[in-house]
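Novice: Got a sequence here, can you build the structure:
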Amino acid sequence: MKKTDTIIIGAGPVGLFAVHQLGIKGLKSIVIDNLDKAGGQCIELYPDKPIYDIPAVPECTGEELTKKLLEQIKPFKTEFFLNERVEEVKQDKENWIVKTNNKNEFLAPNIMIAGGVGSFEPRKLSLKEAEKFEGKSLFYSVRNKEQFENKNISIFGGGDSALDWALELSKFSKINLIHRREEFRGAPHTLSEIKKLEKDGKISIKTPCQLESIEGDTNIESITLKFDDGKTEKIKTDIVLSFFGLIMKLGPIAEWGLNMNKKTIEVNSENFQTNKKGIFAVGDINNYPGKMDLILSGFHETTLAVQEAYKRINPGERVPFGYTTSNSKLQEKLGVKK
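Specialist: Numbering: from 1, shown residues only. The predicted structure follows:
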């Protein structure tokens, strides 16, 4: 059984920042995430999509933000357990024991749940033949847009993800944007840009229709659409991108005896502790009056949660505080070279 000061569940931006805040307080941590890489939703859903609301960073992508956060916590040499999901949490006096699906066990006085919206997976196509194309010519997210260059791409969906990627990929590929309704739910300004590209022949919009079948052996060669009026159309297609949203799953978190509000965990806004002492929830997964689902808010929550985590490990001690600009001990922990 591995022992540490805090077990962080979730390797998204807020979970990574928790490593930093714990580290400058002299506390050790480990990170567990069910995805195969750090970054959470930023990497899984929009690695190339720009983010504009990180303080002092006018623009960065989800991938760039993740890289910077990983670079920031490098001095703490935190161990990551990826492709691993927490299955069980039980109390052992003042500590918590965490067991994962890979049979790993951890012991710590604190748990920091930074699980975003919990475990999530895309809402997949219902066609039986779709599964054999997954990861080859059928995708539910875009991780590397270069692989979609100079292709015939059919994008399904009516929300922001479908519209954003239709706009982005139309720069170097032929796009069919397909939706089951006439109206799109995405941002009006994005739809306006797409309408312009439709007039220029760079994007073809097909509505209202649904996917009838997928044709091809190893890779997709064509798809057949069925329109509401009963007519069908066969389209040459190399790549299908499906953006029908995500299925959010809290998974075992819902069984840990925490006070829940729908699919979020209730916390107090003083230290973001749950109803279980030593278990904190930060980022999109928590809920309290005035809550805002922003990365910035998650960073703030983490800073205050770490104060209480320190007190649990060092009862009666004053929580150390210092400015990284002038505190030599903090700079030493951060690996600052003078």
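
Novice: Beta-bridge partners for T61, please?
Specialist: P50 (DSSP bridges).

Novice: For it, give me its contacts.
Specialist: Y46, P47, D48, K49, P50, I51 (CB atoms under 8 Å, 6 or more residues apart in numbering). Just so you know, the C-beta spots here come from the backbone N, C-alpha and C atoms, and that holds for glycine as well.

Novice: try K236
Specialist: N152, E221, S222.

Novice: Kindly report the same for P109.
Specialist: Applying CB under 8 Å, 6+ apart, the residues near P109 are D5, T6, E94, N95, W96, G278, A309, R312, I313.

Novice: hang on, the fifth one packs against L107?
Specialist: Yes. With contact defined as CB atoms under 8 Å, W96 reaches L107; the gap is 7.4 Å.

Novice: just to revisit the earlier point, and the contacts of P109 as a markdown table, adding pLDDT and secondary structure?
Specialist: Output for the contacts of P109, formatted as a markdown table (pLDDT from 0 to 100; DSSP: H, G, I helix; E, B strand; the rest coil):
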| residue | pLDDT | secondary structure |
| --- | --- | --- |
| D5 | 97 | coil |
| T6 | 98 | strand |
| E94 | 92 | coil |
| N95 | 96 | strand |
| W96 | 97 | strand |
| G278 | 97 | coil |
| A309 | 97 | helix |
| R312 | 96 | helix |
| I313 | 96 | helix |
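
Novice: For those residues, pick the one with the most neighbours.
Specialist: Neighbour count (other CB atoms under 10 Å) singles out A309 as the most crowded of the contacts of P109, with 30 neighbours.

Novice: which among the contacts of K236 end up buried?
Specialist: Among those, the ones that count as buried by 16 or more other CB atoms under 10 Å are N152.

Novice: so can I have JSON lines of the contacts of K236 showing secondary structure, distance to F184 and pLDDT?
Specialist: Converted to JSON lines, the contacts of K236 look like this (DSSP: H, G, I helix; E, B strand; the rest coil; distance: CB to CB, whole Å; pLDDT from 0 to 100):
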{"residue": "N152", "secondary structure": "strand", "distance to F184": "21", "pLDDT": "97"}
{"residue": "E221", "secondary structure": "strand", "distance to F184": "27", "pLDDT": "97"}
{"residue": "S222", "secondary structure": "strand", "distance to F184": "24", "pLDDT": "97"}
